[in-house]
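# Below are the sequence and a predicted model; questions follow.
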Amino acid sequence: MVCGKVKRESLAFLADNPFYTKRFAFYVGRRCRASAIKDIARELHLDWHRVKELEKQYMREQLRRAGNPGPKVIGIDEVSIRKRHTYRIVVSDLVRERPMWFGGQDRSEASMDEFFKWLGPKKSAGIRIVVMDMWKPFRNSTGAHAPQASILFDKFHILRHLGEALDAVRKSEYHRVSGKNRRFIKGQKYTLLSNRENLTTEGRRSLKLLLAANRRLNTAYLLKESFGQLWDYTSEGWARRFFENWRDSLKWQRLKPYETFAKMIDRHWDGIAAHCHTENKVPLGFVEGLNTKIRVIQRRAYGLRDEEYLRFKILTCMLPAL
């Protein structure tokens with residue numbers, strides 16, 4: 001019986017676009033991991049949109065092969081996708097060192113709930129540690145869906161708050177002093193905030209002059225450097241004693257930003273003290289490395305408004321090439 005229709009045979013080696021093979025689509029996808037779509041399109045004499053669709057097929061296959069195993073240790077962070085405080089949430093598997101979820105409409109508790117709904121109650125119950133910043137909606141959602149998990153506040157976010165406090169002291173000192181004393185402070189923000197071992201010889205010389213010229217900045221800098229010892233303690237009691245001594249040393253120093261920082265640490269102490277327990281020692285450098293990769297992806301795709309494409313790029317940036 002003749003059906004009167006034109007039919008096409010399905011061939012396993014063809015890409016979603018039947019004019020190209022999967023092998024070619026995967027080649028394009030591999031090239032796009034390190035280069036912009038525009039450059040690959042120009043090199044291969046293809047349309048920009050065609051290259052993008054081939055790369056998306058490649059990334060979908062990467063995610064399919066990676067699967068979605070239940071995580072034991074996760075990291076939660078937000079990423080700004082455009083101006084005017086437009087955020088999305090990125091959740092990473094810190095054991096397998098790969099981002100596993102990108103979504104939400106903002107960084108609210110409801111958006112965080114979407115992740116746990118996607119993960120499911122069974123896998124949520126298997127989470128042992130959750131690393132996050134001190135954003136309350138993230139804590140509330142985690143407490144509701146994974147109450148058994150220990151919450152650790154990300155050390156890098158905490159130290160960033162301390163760096164902002166030091167910079168606030170620097171700005172106030174610049175406005176307080178006058179004349180030639182200002183020249184030691186002006187333009188020295190990154191000299192103060194950088195780790196001493198990362199400074200060049202010239203940077204160390206500038207830092208030495210600055211600290212010698214301004215007593216209050218010298219005190220603030222030494223307090224910032226000493227605070228890092230908090231992460232070395234394996235006893236919660238000794239960690240608390242160190243923090244209380246550090247907070248007491250702020251008396252009579254007239255360092256208001258540091259006093260505000262100390263109050264913030266006191267309010268969030270449980271998530272900081274959790275770092276002391278041996279079973280909670282997890283490598284946190286991956287989260288910062290992922291943030292750097294995401295910024296590179298966003299710079300390379302500047303002006304691209306396809307959020308699905310951005311989601312694919314973030315979720316596959318740590319996966320092995322096919």
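Thanks, I have the structure now. Residues are numbered from 1 along each chain as shown.
# Please count neighbours and contacts with C-alpha atoms only from this point.
Noted.
# For the helix or strand residue 54 falls within, give me every contacting residue.
For residue 54, the host element (DSSP states H and E) is helix 48-66. Residues from elsewhere that reach helix 48-66 (CA atoms under 8 Å, 6 or more residues apart in numbering): 15-17, 25-26, 28-30, 32, 37-38, 40-41, 309, 312-313, 315-316, 319, 321-322.
# Please state the backbone phi and psi of residue 86?
phi -100, psi 110 (degrees, to the nearest 10).
# Not counting sequence-adjacent ones, nearest residue to it?
residue 80 (5.7 Å; CA to CA, 6 or more residues apart in numbering).
# Now do the same contact list for that neighbour.
Contacts of residue 80 by CA under 8 Å, 6+ apart are 86, 87, 88.
# Drop anything exposed from those.
Neighbour counting with 16 or more other CA atoms under 10 Å marks 87, 88 as buried within the contacts of residue 80.
# Dump the contacts of residue 80 to a markdown table, plus pLDDT.
Converted to a markdown table, those look like this (pLDDT from 0 to 100):
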| residue | pLDDT |
| --- | --- |
| 86 | 81 |
| 87 | 87 |
| 88 | 90 |
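# Dump the contacts of residue 80 into TSV; add distance to residue 255 as well.
TSV is the format used below for the contacts of residue 80 (distance: CA to CA, whole Å):
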residue	distance to residue 255
86	33
87	33
88	35
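# Closest one to residue 245 out of the contacts of residue 80, please.
Using CA to CA, residue 87 is the member of the contacts of residue 80 that lies nearest residue 245, at 37.7 Å.
# Helix or strand: which one has that closest one?
Assigned by DSSP H and E, residue 87 falls in strand 86-93.
# Just list what that strand packs against, helices and strands only.
The contact analysis (3 or more CA pairs under 8 Å, 6 or more residues apart in numbering; DSSP states H and E) places strand 86-93 against strand 73-82, strand 98-103.
# And the contacts of it?
Against strand 86-93 from outside (CA under 8 Å, 6+ apart): 71-81, 98-107, 111-112, 287.
# now do 7 Å
For strand 86-93, contacts defined as CA atoms under 7 Å, 6 or more residues apart in numbering pick out 71, 73-81, 98-107.
# so what strands line up beside that strand?
Strand 86-93 has the following strand partners under DSSP bridges: strand 73-82 (antiparallel), strand 98-103 (antiparallel).
# Tell me which of those strands is the most buried.
Neighbour counts (mean count of other CA atoms under 10 Å) averaged over each of the strands paired with strand 86-93 peak at strand 98-103, with a mean of 21.
# Quick one: the helices in the stretch 101-250 of the chain, in order.
For the stretch 101-250 of the chain, helices defined by DSSP state H, counting those that start in this stretch occupy the ranges 109-119, 121-124, 136-145, 155-176, 182-185, 189-193, 201-213, 215-227, 236-248.
# The first one: how far from the chain's middle?
When you say that, I think you mean helix 109-119. In terms of CA atoms, centre = their mean, to the nearest Å, the centre of helix 109-119 is set 18 Å apart from its chain centre.
# Just the angle for it relative to strand 86-93, thanks.
Interaxial angle, helix 109-119 versus strand 86-93 (axes from the mean of the first three to the mean of the last three CA atoms, to 10 degrees): 40 degrees.
# how about residue 75, what does it touch?
Contacts of residue 75 (CA under 7 Å, 6+ apart): 91, 92, 93, 94, 130, 131, 132.
# How is the chain divided into domains?
The record assigns the chain these domain ranges, following automatic domain parsing: 22-66, 73-153+284-316, 156-278.
# rewinding a little: for the contacts of residue 75, which one is nearest residue 150?
Relative to residue 150, the closest of the contacts of residue 75 is residue 130; by CA to CA it sits at 6.2 Å.
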